[in-house]
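Colleague: Need a 3D model of the sequence below.
(2 chains, ligands or ions: 1)
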Amino acid sequence: MCLAVPTLVKSIDDHEALVEIGGVSRKISIWLTPEVKVGDYVLLHTGFAISVIDQEAAEETLRLFEEMALEDDG
Amino acid sequence: MTTKPGQKGIRFIDEYRNTELSRRVIERIYRRSTRNIHLMEFCGGHTVTIARNGIRQLLPPAIEMLSGPGCPVCVTANRDLDRAIALAHERGVIITTFGDMMKVPGSRSSLQEAKAQGADVRIVYSTLDALQIARGNPEKSVVFIGIGFETTAPTIAASILQAQREGVNNFFVLSFLKLCPPVIKALLDEGEVKLDGIVCPGHVSTIIGSHPWEFIPRDYAIACVVSGFEPLDVLQCIEMLVAQIESGERRVEIAYRRGVKAEGNQWALKQIDIVFEPCSALWRGMGEVPQSGLCLREAYERFDAERAFEIDPGPTIEHKGCLCGEVLRGVKRPTDCRLFRHACTPEHPVGPCMVSSEGSCAAYYHYGADL
Ligand code: SF4
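Modeller: Here you go, the predicted structure:
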């Protein structure tokens, strides 16, 4: 019910955006994320972007996993 | 760990299904874990991730995972289901609802059965689709069944604000919206389950942030970590919970940093606050919990199905033998229910925990978490 999936914002028109999900384009509402820009990934929940994905945080998290795995090996 | 077919190549999903990294996290959890602990995953989405990936079985036996009440369909009380179904039978009413609600049995029938009997019940993907149906049917009253938590609340608020801007006056919401922090508080005050840590809901926190959970470590000395929904996310969250518990620390941490900021989505929270105010809500298994629901403010009463219609749902009848309420409180497992897999299956569900894709009973059934 609280499912939300990451999607790429391809274009923006007022309160709507075109996003791509699994190769298919669809229109969503960006009413809840006024800060969104083209090229951002958003979390899509029931037709609405509910947040812009923090790409830096995402990369940091993954880096942390890799580093900890390396430390375990060390 | 499994990757669902057809989902390959999706950024911010695939990386978090990495089997090798997941194995490493599990190894570290084994090294760190020294005592018996009870963790609750509040959210039904997490229950599904855990069941689908067999995470309970991969963890050290000392770590017990309990499911919580975080499934909006499951916690909707029979009384409220009956009201939605009664409304569906009103003349001139079109009911719009998320698909999950269709099969949920109320006291006597479901929305799906109401539809089979001639009621106009339509499944929508978004509140904006419901609004579109209202625009296209000006002679009908279009009611959206507003179930959900804080994640969904701003999308319902947005549809009401949009209806107001456009002057759509045949659009109504029957709000069964619920708030998560108050129900966790009620659960902890009940004292039935003893918890050491909580896997806090990710997308609820996307909206409300992590601050609303701070009362949990402060007042109940329970560790809290906000988690994402991929297997690696959940494992990372469990590792962080174990680290807190082992070191005697208790605080709120965010593991799901790509999706959750400490302050949440302030703009979305404001939309909720414009349209709704907290009110008492009835939860399956928990009863009436003060300040745990969202009702439309007076300024928006013309969109409130509660006020627009006289609804007589008739007497409430509970499902005999169904332990869904206890399952939602984390005190029973689906396998403790005598009806599980026998009288109760996803095709013929007795209770909502078997209907919703993220209900514990359905998750156990589909992924054989009991086998
Ligand atoms: S298995 Fe069915 S009857 Fe038993 S608790 Fe779950 S939903 Fe209720």
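
Colleague: Please enumerate the strands of the stretch 51-200 of chain B.
Modeller: Taking DSSP state E, counting those that start in this stretch as the criterion, the stretch 51-200 of chain B carries its strands at B:63-70, B:93-97, B:120-123, B:141-146, B:171-175, B:197-200.

Colleague: now do chain A
Modeller: A:5-13, A:16-21, A:24-29, A:41-45, A:48-52 (DSSP state E).

Colleague: picking up where we left off before, need the winner for burial among the strands of the stretch 51-200 of chain B.
Modeller: strand B:197-200 (a mean of 30; mean count of other CB atoms under 10 Å in any protein chain shown). Placement of C-beta: from N, CA and C, glycine included.

Colleague: just checking, what packs against it?
Modeller: If you count contacts as 3 or more CB pairs under 8 Å, 6 or more residues apart in numbering or on different chains; DSSP states H and E, strand B:197-200 packs onto strand B:37-43, strand B:223-226, helix B:231-247.

Colleague: How about the secondary structure of residue B:325?
Modeller: Look at residue B:325: counting by DSSP: H, G, I helix; E, B strand; the rest coil, its state is helix.

Colleague: Contact residues of chain B facing the ligand?
Modeller: Applying CB under 6 Å from any ligand atom, we find that chain B lies next to the ligand at B:322-324, B:327, B:334, B:337, B:339-340, B:344, B:350-351, B:353-354, B:361.

Colleague: Out of the residues you listed, flag the one nearest to residue B:247.
Modeller: Closest to residue B:247 out of those is residue B:327 (31.8 Å), distances taken as CB to CB.

Colleague: What's the separation between the spatially most central residue of chain B and residue B:338?
Modeller: Centrality entry for chain B: nearest residue to the mean C-alpha point is residue B:71, 2.8 Å, by CA atoms, centre = their mean. In this view, residue B:71 and residue B:338 are 21 Å apart by CB to CB, to the nearest Å.

Colleague: Now the residue of chain A found nearest chain B. Nearest residue, chain neighbours left out?
Modeller: For chain A, the residue closest to chain B is residue A:47, as judged by CB to the nearest CB, at 2.8 Å. Once flanking residues are discounted, residue A:47 sits nearest to residue B:126: 2.8 Å by CB to CB, 6 or more residues apart in numbering or on different chains.

Colleague: Get me the contact residues on chain A for chain B.
Modeller: Residues of chain A lying near chain B by CB under 8 Å from any CB of the partner chain: A:1-6, A:8, A:22, A:29, A:31-34, A:41, A:43, A:45-48, A:50-51, A:53-55, A:57-58, A:60-62, A:65-66, A:68-69, A:72.

Colleague: Tell me where the model's unsure across chain A.
Modeller: In the predicted model, chain A carries pLDDT under 70 at residues A:74.

Colleague: rewinding a little: could the strands of the stretch 51-200 of chain B go into CSV alongside mean pLDDT?
Modeller: Formatted as CSV, these follow (pLDDT from 0 to 100):
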stretch, mean pLDDT
strand B:63-70, 95
strand B:93-97, 98
strand B:120-123, 98
strand B:141-146, 98
strand B:171-175, 98
strand B:197-200, 98
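
Colleague: Phi, psi for the residue nearest to residue A:47 please.
Modeller: phi -140, psi 160 (degrees, to the nearest 10).

Colleague: Need the distance between the two termini of stretch B:302-321.
Modeller: End-to-end distance for stretch B:302-321: 40 Å, by CA to CA, to the nearest Å.

Colleague: Stretch B:99-107 too?
Modeller: 19 Å.

Colleague: Average pLDDT for it, rounded please.
Modeller: Stretch B:99-107 shows a mean pLDDT of 94.

Colleague: Mind listing what's buried along that stretch?
Modeller: Across stretch B:99-107, burial judged by 16 or more other CB atoms under 10 Å in any protein chain shown covers B:100, B:101, B:102, B:103, B:104, B:105, B:106, B:107.

Colleague: And what about the closest residue to the last one other than its chain neighbours, helix, strand or coil?
Modeller: Counting by CB to CB, 6+ apart, residue B:317 is the residue found nearest to residue B:107 once chain neighbours are left out, at 4.0 Å. Secondary structure of residue B:317, reduced to three states by three-state DSSP: coil.

Colleague: Show residues contacting the top strand by length along chain B.
Modeller: For chain B, the strand with the greatest residue count under DSSP E is strand B:287-296. For strand B:287-296, contacts defined as CB atoms under 8 Å, 6 or more residues apart in numbering or on different chains pick out B:153, B:160, B:173, B:175-179, B:182-183, B:186, B:272, B:275-283, B:303-304, B:306.

Colleague: Tell me which of those fall in helices.
Modeller: Using DSSP state H, the subset of those located in helices is B:153, B:160, B:182, B:183, B:186, B:272, B:275, B:306.

Colleague: Can you read off the pLDDT for the closest residue to the third one other than its chain neighbours?
Modeller: Leaving aside its chain neighbours, residue B:182 sits nearest to residue B:292 (3.8 Å; criterion: CB to CB, 6+ apart). With respect to pLDDT, residue B:292 has a value of 98.

Colleague: how far away is residue B:292 from residue B:69?
Modeller: Counting by CB to CB - residue B:292 and residue B:69 are separated by 10 Å.

Colleague: Pull up the overlap in contacts between those two.
Modeller: Both residue B:292 and residue B:69 are contacted by B:183, B:283, under the criterion CB under 8 Å, 6+ apart.

Colleague: Would you mind measuring from residue B:244 to chain A?
Modeller: In this view, residue B:244 and chain A are 16 Å apart by CB to the nearest CB, to the nearest Å.

Colleague: check contacts around that residue.
Modeller: Counting by CB under 8 Å, 6+ apart, residue B:244 has contacts B:197, B:223, B:225, B:250, B:251, B:253.

Colleague: Write the PyMOL selection for whichever of the residues you listed are buried.
Modeller: Of the contacts of residue B:244, the buried ones can be selected in PyMOL as follows, counting by 16+ other CB under 10 Å:
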select buried, chain B and resi 197+223+225+250+253
